[in-house]
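Q: no FASTA, just this:
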């Protein structure tokens, strides 16, 4: 369900191509070298100027992440954390030391490690908060080239079209060539508006949503780790973490079906 | 009174159709298959790319919710909570245990259940706040496709129109066909601007207002639950909750007509 | 001085009408039934879809409030509150019980009533804050139709004009009718841009400013009420409240002309 | 250095006039009475509707303030406050009573007066904060007409141009008059876009920056006054206040050149 | 890697020039004196009006900073601060007195100096926070001319083009000159849109990102200085500071490879 971005971009292109073909236009005309040079290279240069070279070296990885994002298993994480809470209650916090090595998520592992090391609770919260805040800033920097490109590409298209129209105006005395010249001038607008609205802006929004989902996931994990360290009752921890899970996905991690945490689901 | 969204969309379409017909245009021309393919499928694809597939599977339910929203009965909820407060004062918090099963709203039920279970007040507030914050995020994610569509549809219309004009420019040597071709090119603009401004943007705003109303409703409920747990005087709880109710709807839930809570109403 | 909104709208219309007449256009052409139907009914429908029916039933009262707003007498309110503070200092808080009935402002009356009832200071602040926050939300909801209309009307105008141009393009073979048809098509743009920029957007801004002034007024009142309850020295209360009054309107409420509260005025 | 606003507006006008003259246009055509009536009177009316009459009566004073702003001498104020701190340390807070009368800045005088009167430190901070917050609101209200005019004037220009084009379209049968009529219609766009971008928007931004500078100045002053009242070491006060001064303007007020407060300057 | 801004601007210009040349336009036409006068001088004047003269005197230095920014070595700073923490633990805070002179960064030097002087921890935090806040304001003021120019230049281009079109319309009776005149009018639009989107807006965004990176760097430094003053364990300080470093750059400063601070890197 998460691979919607690739599907959406293809669907949007198909809808436009079908409609344009029915209008009588050959959609292949958009693969116009001058328009591509002006809009795509012009936009790439301007986003490099705006965001630095480093942000652009990471772009292929970011495209891949937007199209094939990681699955964030909220109920699974709740179950994992409640399991640690039960183990810590039964055998003490130090008993989690063995479990640390088997935790696959680096953030959870770092948090549990800090707890096992006996770090002060305020410091655990401060370190993990700083991790989250730094991740939020990295994500914002990573999607900024897409936001910039979404704003810049249409204006690059306008630049291309106006250049074309300047050419047209200087050839007004050859009326037979005007139509194709104006048509060619418009292709830059198509390339600019199309690339921005089908690729750059949707990608930027998708990356923003994925970042918010990951922050939500980490905030839940942080609440759980602090609860484990405080020695809270595992059922109370589950109750609290379940509030982060959408009602439709809520299942009890402790087995009993009578908890308040499942109330909303029963009523839905 | 809440079903205004459907009425508004229909009224807006009628106003435009009547005006356009008086101008001499046949409004049925907007049902143009190429324009619909470019604008509606193009926009759908771009919003799927921007917001993911999952958000689009829930769309029919969200349309229904915007057009036929739940009624939020603020004075009724105040009365219900003040009733619980009176019962808890008279018979103790545990006496609410029987009432829990009969509460129809899952949020209120979860809150009262937590209170009856003797959960720590700070934790009750934290769990219910997390529920509200998670709901706010879910609502924002649910209306995002409408906001994206409102921003994208007009540009899809421009793409359709420019494609049409490219076609026109390549047929400049057949002047008799130009008028109808240009007219057809404009239909994509009409479809894009119209769908955005009559459907997508008003829907997005309506969903935002409904979400804010529900948050307001839940904040009031949370205040009431915390007051019940703290054992506050029912009249004081009513006073506090009445501040959340618009002056015109304020009625006393405890029967006496002398409360400060009704002062604003008497003066209105 | 407060009735500027009506004057402004009329002045703006006169400026435009005079200029257009000098350009040689008959300004009465804007009273074009198709343009009015498309722009005004189309916009009304879309704002109903966006904000619900209820918000529109209150519109006539809100127009009236924007054009003839209440006068907010900051120095008068300071004097009233300082008077209560002096009375409470002299005769005790209960002595204010008689005064409560004669307070014309419901918010002040509710606050003083709560103080006289011996309500806990934190609860007085919480109840009055909740009143203010609820008022702020009501005001925002009340001006939202104007903001929506300001954004939607120009696009409705574009829809009307494009419909007209579609009609023009289908009549290209009758050149003599083109001029008047294009002129008629432009009237929808005029109606849309004009109504938005002369009426809807200025009204929305005016309502926002009036709301902020009322919030400022109420925050000052709240400070005064809390000071009275705390038994603060009336001169200190006056000093604090005077900071909310613009320097040009500051006069001492206690009679002495030597107060620090008037320092800025003396220097101005 | 502060009188840049007047210079900037004149420079911008010269740049445009020179360029337009070189293009072959007589720039005096912009002094077109219909365009002025539509754009300037139309905009004035709409800003009165948006911001009220009172805000417009103060406009001449605000224009003057933007063009000839007060000089804010940060290092001088630091020196003045450190001097008071030294005097208070040496001779006690009451010794400042004589100095109060000679303080030219009303805000500083009010603050020192409150300190000399023995007002509670929290209340001093609350009163001066309220003064600053009220000033911030007054400034925002004062520059709002410029922001509104910057947004409204271009659309008034469009209204004027569309009115002109309606006139053109109704005269299509007299081709020889079309050119001058279209040219005249464009003048309203020039007036609207020009007045907004050369005068209104730059003025609005300038007033915002001047307001932020004054807030910064007052925050520094407030820190100093509270430090004097707390009896802090004058060198420590200077250290703290110097952080508010741009590194290039930092000089020690106590004479010694070894202070940490000058570290950044030495390294620059 | 940091010099991307210069490369980006050049790349963008090349992309546009190649595309325009392929379309058949001589790109040298953009070096049009009237267009340059209207757009660049007009924009410069308006930004001086908006931001004051002083902000423009610093512009050359700011261009240089955007194109050749300082390298911010996060892991190096962590190592430096952890080194001070170890020295302070071993030999006491006063032992840092010798080190102060050799610190090249003025902010770190000022902070360590305050610590060595025995300043109260709250005051150290307050002074350094005030330094950071003042730097943030200076940065915002420094990039504001670029943001203003990015918004103003396209409208100056429109002014130039409309002036040109007014000239065209007054020469409608000489059809042979129309094409070149319209072409010349468009050059102002090209200059306005191009300078804004290739230079001004990317520069403004780049300066914003560099400012955020420097704030991030300083926040990390501040955390470290406060930890040193509090006498925290150097390994705990490293753990906390490492959260500010992107995972890919994390290396242990204390030598041991078993720290939680490197957990995320090991998992990456």
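A: Thanks, I have it. No experiment lies behind these values; they were computed from the predicted model shown. Numbers count the residues shown, from 1 in each chain, chains lettered A, B, ... in the order given.

Q: from chain A, which residue is nearest to chain C?
A: Minimum separation of chain A from chain C (Cβ to the nearest Cβ) falls at residue A:23, amounting to 14.4 Å. Quick note: C-beta positions are derived from backbone N, CA and C, even for glycine.

Q: I'd say that residue and residue B:163 touch.
A: Yes: the pair residue A:23 / residue B:163 is scored as a contact, 6.1 Å apart, by Cβ atoms under 8 Å.

Q: from the centroid of chain A, which residue is nearest?
A: Closest residue to the average C-alpha location of chain A: residue A:207 at 2.1 Å, with Cα atoms, centre = their mean.

Q: neighbours of the residue lying closest to it once chain neighbours are set aside, how many?
A: Distances taken as Cβ to Cβ, 6 or more residues apart in numbering or on different chains place residue A:143 nearest to residue A:207, at 3.9 Å, with adjacent residues excluded. Residues within reach of residue A:143, counting by other Cβ atoms under 10 Å in any protein chain shown, total 21.

Q: can you pull the residues of the stretch 151-268 of chain A lying near chain B?
A: Within the stretch 151-268 of chain A, the positions near chain B by Cβ under 8 Å from any Cβ of the partner chain are A:154, A:176, A:178-180, A:182-183, A:186-187, A:189-190, A:193-194, A:196-199, A:201-203, A:205-206, A:209, A:212, A:216, A:223, A:236, A:239-240, A:243-246, A:260-261, A:263-264, A:266-268.

Q: only the buried subset of these, as a ChimeraX command please.
A: Buried subset of those, written as a ChimeraX selection, criterion 16 or more other Cβ atoms under 10 Å in any protein chain shown:
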select /A:154,178,179,182,183,186,187,189,190,193,194,196,197,198,199,201,202,203,205,206,209,216,223,236,239,240,243,244,245,260,261,263,264
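
Q: thinking again about what came up before, and residue A:23 and residue B:163? Which one has more around it.
A: Ranked by neighbour count (other Cβ under 10 Å), residue A:23 and residue B:163 place residue B:163 first, with 29 against 26.

Q: distance of the residue nearest to the more buried one when sequence neighbours are not counted relative to residue A:36?
A: Leaving aside its chain neighbours, residue B:163 sits nearest to residue A:20 (4.3 Å; criterion: Cβ to Cβ, 6+ apart). Between residue A:20 and residue A:36 the distance is 18 Å, computed by Cβ to Cβ, to the nearest Å.

Q: quick one, which of these two is more surrounded?
A: residue A:20 (27 against 19).

Q: what strand or helix carries the more buried one?
A: helix A:4-23 (DSSP states H and E).

Q: past that helix, which element shows up next along the chain?
A: helix A:33-36.

Q: so for that next one, what gets flagged as buried?
A: Residues A:34-36 are the ones in helix A:33-36 that count as buried (16+ other Cβ under 10 Å).

Q: give me the helices and strands touching it, please.
A: Counting contacts by 3 or more Cβ pairs under 8 Å, 6 or more residues apart in numbering or on different chains; DSSP states H and E, helix A:33-36 packs against helix A:121-169, helix A:175-194, helix E:4-23.

Q: and the first one, how far out from the chain middle?
A: Computed by Cα atoms, centre = their mean, to the nearest Å, the chain-centroid distance of helix A:121-169 equals 12 Å.

Q: now residue A:229, nearest residue through space, not along the chain?
A: residue A:115 (4.7 Å).

Q: do residue A:56 as well
A: residue A:48 (5.7 Å).

Q: residue contacts, that neighbour?
A: Taking Cβ atoms under 8 Å, 6 or more residues apart in numbering or on different chains, we find residue A:48 in contact with A:56, E:4-5, E:7-8, E:11-12.

Q: need the three-state assignment for the residue lying farthest from the centre of chain A.
A: Using Cα atoms, centre = their mean, the residue of chain A lying farthest from its centre is residue A:173. It sits 52.2 Å away. Judged by DSSP: H, G, I helix; E, B strand; the rest coil, the three-state class of residue A:173 is coil.

Q: quick one: contacts for it?
A: When contacts are counted by Cβ under 8 Å, 6+ apart, residue A:173 is found next to E:176, E:179.

Q: state the distance from it to residue D:199.
A: Residue A:173 is 42 Å from residue D:199, by Cβ to Cβ.

Q: and residue A:17, by the same measure?
A: 48 Å.

Q: what helix or strand is the residue lying closest to residue A:125 once chain neighbours are set aside on?
A: Spatial nearest neighbour of residue A:125, excluding adjacent residues (Cβ to Cβ, 6+ apart): residue A:226 at 6.1 Å. Using DSSP H and E, residue A:226 sits within helix A:201-230.

Q: so which elements touch the strand or helix carrying residue A:96?
A: Secondary structure from DSSP H and E places residue A:96 in helix A:96-100. Counting contacts by 3+ Cβ pairs under 8 Å, 6+ apart, helix A:96-100 packs against helix A:74-91, helix A:106-116.

Q: residues making contact with that helix?
A: By Cβ under 8 Å, 6+ apart, helix A:96-100 touches A:84, A:87-88, A:109, A:112-113, A:115-116, A:228.

Q: list the buried residues of that helix.
A: Buried, per 16+ other Cβ under 10 Å, within helix A:96-100: A:96, A:99-100.

Q: same thing with stretch A:168-178?
A: Here stretch A:168-178 shows A:168-170, A:172, A:178 as buried, counting by 16+ other Cβ under 10 Å.
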